[in-house]
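> sequence plus predicted model, see below.
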Amino acid sequence: MELLRQRILQDGKALSDSILKVDVFLNHQVDPDLMQSVGIDFAEHFKDQGITRVLTIESSGIAPAVYTAQALGVPMVILKKQTSKILNGKVYQTNITSFTKGTSYELTLSMDYISSDDRVLIIDDFLANGEAAMGAVRLCRMAGADIAGIGILIEKSFQNGRKRLIDAGYEVYSQARIAKLGEGLIEFVDE
Ligand code: G4P
C-alpha cells in the first residue's frame, strides 16, 4: 500500500538492522486518517471472504483493526494481554513469547465473542517472527472459527513470520513489506 510505504519513509526510523520505530503514526501517536485508509485497503482486499469478525491484539493493532471492521461492517474483537477477573473464566488462552521484547504473556479471548459460526480476519501492526499471529490463530481454532486471512501493516520480511503463517496454510496480506533495515536505511521488498 503506497500511502503506508511513503509514511514509513517519511516518519519511520530504523533503530538497528531489525527494529523500525513508527511511534509517530502507529505505536504511540496514531494518525486516524492513515489508519482509516489502511482499514479501507484491508477491507477491499478481503471483501469477498465472508468475514464476520475482525480480530486484533492489544494495543497497536486496535486502531487499524477498528477501521477495517468498520469498512467491512462487522464487529472488532480485541485479544487481551492481561486477564480480567470480570471475564469469569469463560475464556480461551494461549502463551506468547516475544523474541523482539524478550517477554512472555498469556493471550486471552472471551468465549462470548468468537464462535464456530465465525470467519475471522486477523489484523496486526507488525509481523516479525509470527508469534502473536500464531497465537491469535490458535485462539480462533479453540473457538472453532475459520480464519479468512491475516492482514499486517508492516511485515519485516527478513524474519520468518510470513513463512510460518503461509506454511500453516493462511493467507497473509502485508501492506508494507520491509526487505532490509539499517541505521538510516529502510528498503522495501520489490513487488
Ligand atoms: P511476532 O509476534 O511477529 O513474533 O513479533 P514479536 O513477538 O517479535 O514482537 C513483539 C512486539 O514487538 C509486538 O508489539 C510487535 O508489534 C513489536 N515489534 C516487533 N518488531 C517491531 C519493530 O521493528 N518495530 C516496532 N515498533 N515494533 C515491533 P506488542 O508488544 O504487541 O506491542 P503493542 O501492540 O502493545 O504496541
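Happy to help now that I have it.

> where's the most centrally placed residue in the chain, which helix or strand?
The centroid of the chain falls nearest to residue 124 when counting by Cα atoms, centre = their mean (1.0 Å). Remark: residue 124 resides in strand 119-127, with elements defined by DSSP states H and E.

> and the helix or strand following that strand, what's buried?
Using DSSP H and E, the next helix or strand after strand 119-127 towards the C-terminus is helix 131-143. Buried positions in helix 131-143, judged by neighbour count with 16 or more other Cβ atoms under 10 Å: 131-140, 143. (Glycine included, C-beta is placed from N, CA and C.)

> likewise stretch 47-61?
Using 16+ other Cβ under 10 Å, the residues of stretch 47-61 that count as buried are 49, 51-57, 60-61.

> tell me the one among the residues you listed nearest to the ligand.
Ranked by distance to the ligand (Cβ to the nearest ligand atom), those are led by residue 60 at 3.5 Å.

> need the nearest residue in space to the closest one, chain neighbours excluded.
Nearest-residue entry for residue 60: residue 125, 4.2 Å, with adjacent residues in sequence omitted and distances by Cβ to Cβ, 6 or more residues apart in numbering.

> quick one: residue 149 is in a strand?
Yes - counting by DSSP: H, G, I helix; E, B strand; the rest coil, one finds residue 149 located in a strand.
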